[in-house]
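Student: Attaching a predicted model along with its sequence, questions to come.
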Amino acid sequence: MERWSRRGLLATTALLLVPVRGNPGMVSAMTVAAAEATATALTASYGQQDLAQTAASARAALETLPTLGVHPLGNTGLRDVLHAQARLGLIRARALADSGDSEGARLALVPARVRAARLHDWPMIRYAYAAEALAWLNTGQPRLALAAAYLGQNSVDLPAVIPLDARLYAARARAWALLAQPDAARDALAGGQRLMDKADPPLVAPPQVDQISQAEWARAAVDVHSRLGDAAAAETVATAMVRAVPPSDRPDVALALGASRALALARTAPDEGAALLAAALTRSAELGTPAAAVTERVDAFLTAATAHGRAPDQAVTDLAERRRSLRI
């Protein structure tokens, strides 16, 4: 997978801030091209830098795009601007959701979804609903996550010929698991797995509109199995995924899947679960703002590991202290 350097990303973003004089239409074309380049760079580097910085970079690029109606844009120019705005808006919203700013994510999704609707870009619209569901899940509101996921799947404005986004099934499965509805959660997982089997997705890839990687799907599946208390199924999925990815990607994939699998170990092997989460939390914090997916799983694990009344293992105590030290 192509990696974008931090210097390359900053250079691309800097192009957006250079004032250009002359024909307004030409200014818009140059600005939109730079914005699309920034969106490509932010997508390629997603998860390799502070998520809050990713959101800020997307916002900075958005603010350089022309206000529609100010410049004389033709139909093609209008679509180009809308596409860049929608794309950057979705990147920003996903980064905000992943960094724990769920309210900011939902606010960012409003204009992004409107612009995608003006383009009749159904994959973008469904990605937006999946991002909204993720934001609700990160704040522990599974019923609202279900509502967003169902809207993405069943809106009358979305033609049935457009393939569904497996992330919507993942959101439903996670929400039903949080609501302790195992049959509904497993049904949603099965539906998403059928989509994954048809799509032939990449093993590892950053989150983007037109695809969900097998690693991202596996993480959702492991999370669902863990919340349902099925440690064996969680371990099976996680182990198979780690073995499948290229060696260069295994450490990061193993960390992510370990964080999802840890909850199933809260009572049977709390020291192992705490170690998995401590590694994931440390790695996430090294990049800046710890990912909400990690901190939410840490909180759920600590609640489950200390619910039985006996003194927690030292590893659990250390994890709790590490979590408190982050002050988020």
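Tutor: Sure, I can see it.

Student: Confirm residue 47 sits in a strand?
Tutor: No - per DSSP: H, G, I helix; E, B strand; the rest coil, residue 47 lies outside any strand segment and is coil.

Student: doesn't residue 208 make contact with it?
Tutor: No - taking contacts as CB atoms under 8 Å, residue 47 lies outside contact range of residue 208: 11.8 Å. From N, CA and C alone the C-beta is placed, and that goes for glycine too.

Student: Between these two, which is the more surrounded one?
Tutor: Between residue 47 and residue 208, counted using other CB atoms under 10 Å, residue 208 has the larger neighbour count: 19 against 15.

Student: check which helix or strand covers the closest residue to that one other than its chain neighbours.
Tutor: Distance criterion CB to CB, 6 or more residues apart in numbering; nearest residue to residue 208, sequence neighbours excluded, is residue 43 at 5.3 Å. Assigned by DSSP states H and E, residue 43 belongs to helix 24-44.

Student: try residue 215
Tutor: For residue 215, the host element (DSSP H and E) is helix 214-227.

Student: can I assume the residue nearest to residue 208 is in contact with residue 92?
Tutor: No - look at residue 43 against residue 92 with CB under 8 Å: they stay out of range, at 11.7 Å.

Student: Please say which of the two ends up with more neighbours.
Tutor: residue 92 (27 against 20).

Student: Tell me which residues touch the closest residue in space to the more buried one that isn't next to it in sequence, please.
Tutor: Leaving aside its sequence neighbours, residue 92 sits nearest to residue 58 (CB to CB, 6+ apart; 3.7 Å). Residues near residue 58 by CB atoms under 8 Å, 6 or more residues apart in numbering: 38, 39, 42, 88, 89, 91, 92, 95.

Student: Tell me the backbone dihedrals of residue 58, please.
Tutor: phi -60, psi -40 (degrees, to the nearest 10).

Student: which secondary structure element contains residue 289?
Tutor: For residue 289, there is no host helix or strand (DSSP H and E).

Student: which residues of the chain score low on pLDDT?
Tutor: 1-28, 67-76, 155-163, 309-311, 327-328 (pLDDT under 70).

Student: quick one: buried residues of the longest helix along it?
Tutor: Longest helix in the chain, counting residues (DSSP state H): helix 75-98. For helix 75-98, a neighbour-count test (16 or more other CB atoms under 10 Å) marks 77-78, 80-98 as buried.

Student: where does whatever helix or strand comes next after it sit relative to the chain's centre, distance-wise?
Tutor: Under the assignment DSSP H and E, the closest C-terminal helix or strand after helix 75-98 is helix 102-119. What separates the centre of helix 102-119 from the centre of its chain is 15 Å, taken as CA atoms, centre = their mean, to the nearest Å.

Student: got a list of contacts for helix 102-119?
Tutor: 55, 79, 82-83, 85-86, 89-90, 92-94, 96-97, 124-125, 128-129, 131-132, 134-136, 138-139, 157, 292.

Student: One more: stretch 233-251?
Tutor: By CB under 8 Å, 6+ apart, stretch 233-251 touches 1, 203-204, 214-215, 218, 221-222, 225-226, 253-254, 257-258, 260-261, 264.
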